[in-house]
Every structure is written in structure tokens, then in C-alpha cells.
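Asks: got a predicted structure plus its sequence, pasted below:
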Amino acid sequence: MKQNITETMFHDAFHDMGRADQFSWQARSALFHYLEGMEWDTGEEIELDVIALCCDYSEETFETVADNYGIDIEDMDKEEMQEKVLAYLSYHTSVIWHDDGRVLYQNF
């Protein structure tokens with residue numbers, strides 16, 4: 001038995017599991033739409049598993065990603081640094097969403 005999940009229900013599921021702070025509202029919304037797109041593209045339904053999503057995806061600052069993966073961003077302005085981090089992540093995994101300070105990506 002499967003249940004259709006709305007975006008509001010998706011956000012609520014994170015709250016109900018005590019994981020509301022795992023991702024920002026914008027990142028959770030982007031993840032919801034990304035997963036909906038995957039379902040549409042593959043024709044396969046995805047079961048909502050909040051804990052698995054928290055393990056499979058990360059939202060971090062660009063600086064944190066650079067530190068975690070040893071990306072040299074020394075002497076770069078903000079735009080150059082973000083482009084370099086996005087290029088690195090895009091090469092290694094799926095970038096789901098980003099804004100001016102944070103990025104949501106699939107862990108690798």
C-alpha cells in the first residue's frame with residue numbers, strides 16, 4: 001500500500017522524525033521536487049524514508065564542502081569559490097540545489 005505525499009507532508013515528515021533542522025526549508029523543497037522528478041523519469045515510486053534521505057543527501061556551506069573534500073579555494077573570491085565547488089560536486093555526484101551560500105548534494 002502506497003500513499004501519495006504532498007510537499008507539505010514531506011516537510012512534516014522531517015519534523016515528525018525530529019529531523020526538521022537537517023535541511024533548510026528551501027533545500028527540503030528542492031529535494032522533494034528532485035525526488036518527484038526521479039519518480040517521473042524512472043516510472044518507479046520512491047518510498048519516503050526520512051532517515052535514509054538524511055544519510056544520502058547533505059546541505060552545507062560552500063566553504064564546508066571545500067574543507068571536507070580538500071578543494072583549494074585560497075585567494076578566490078566568493079563567485080570563483082562557488083563555481084569551483086559546484087564543478088567538483090557536479091563531477092562526482094548530483095547537485096540538487098544551491099543558493100548564494102549553501103548547496104544540497106547527494107553524498108558520494
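Replies: Structure received. Numbering: from 1, shown residues only.
Asks: alpha carbons only for contacts and neighbour counts from here, please
Replies: Noted.
Asks: so, low pLDDT: which residues of the protein?
Replies: Applying pLDDT under 70 to the chain flags residues 1.
Asks: just to check, Q106 is in contact with Y91?
Replies: No - between Q106 and Y91 there is no contact, the gap being 11.8 Å when judged by C-alpha atoms under 8 Å.
Asks: those two: which is more packed in?
Replies: Q106 (19 against 10; other C-alpha atoms under 10 Å).
Asks: chain neighbours aside, what residue packs nearest to that one?
Replies: Sequence neighbours aside, Y57 is the residue nearest to Q106 in space, at 4.4 Å (criterion: C-alpha to C-alpha, 6 or more residues apart in numbering).
Asks: ok, Y105 next?
Replies: V95 (4.4 Å).
Asks: tell me which helix or strand comes right after the longest helix along the chain.
Replies: In the chain, assigned by DSSP state H, the helix with the most residues is helix 25-42. Heading C-terminal from helix 25-42, the first helix or strand you meet, by DSSP states H and E, is helix 50-56.
Asks: show me which positions of that next one end up buried.
Replies: V50, C54 (16 or more other C-alpha atoms under 10 Å).
Asks: quick one: contacts for the residue nearest to Y105?
Replies: L86, L89, V103, L104, Y105, Q106 (C-alpha atoms under 8 Å, 6 or more residues apart in numbering).
Asks: can you pick the most crowded of the residues you listed?
Replies: Counting by other C-alpha under 10 Å, top hit in these: L104 with 25 neighbours.
Asks: and that residue, backbone torsions?
Replies: phi -110, psi 130 (degrees, to the nearest 10).
Asks: that one is in contact with C54, isn't it?
Replies: No - in this structure L104 lies outside contact range of C54 using C-alpha under 8 Å: 11.2 Å.
Asks: in contact with C55, which residues?
Replies: N107.
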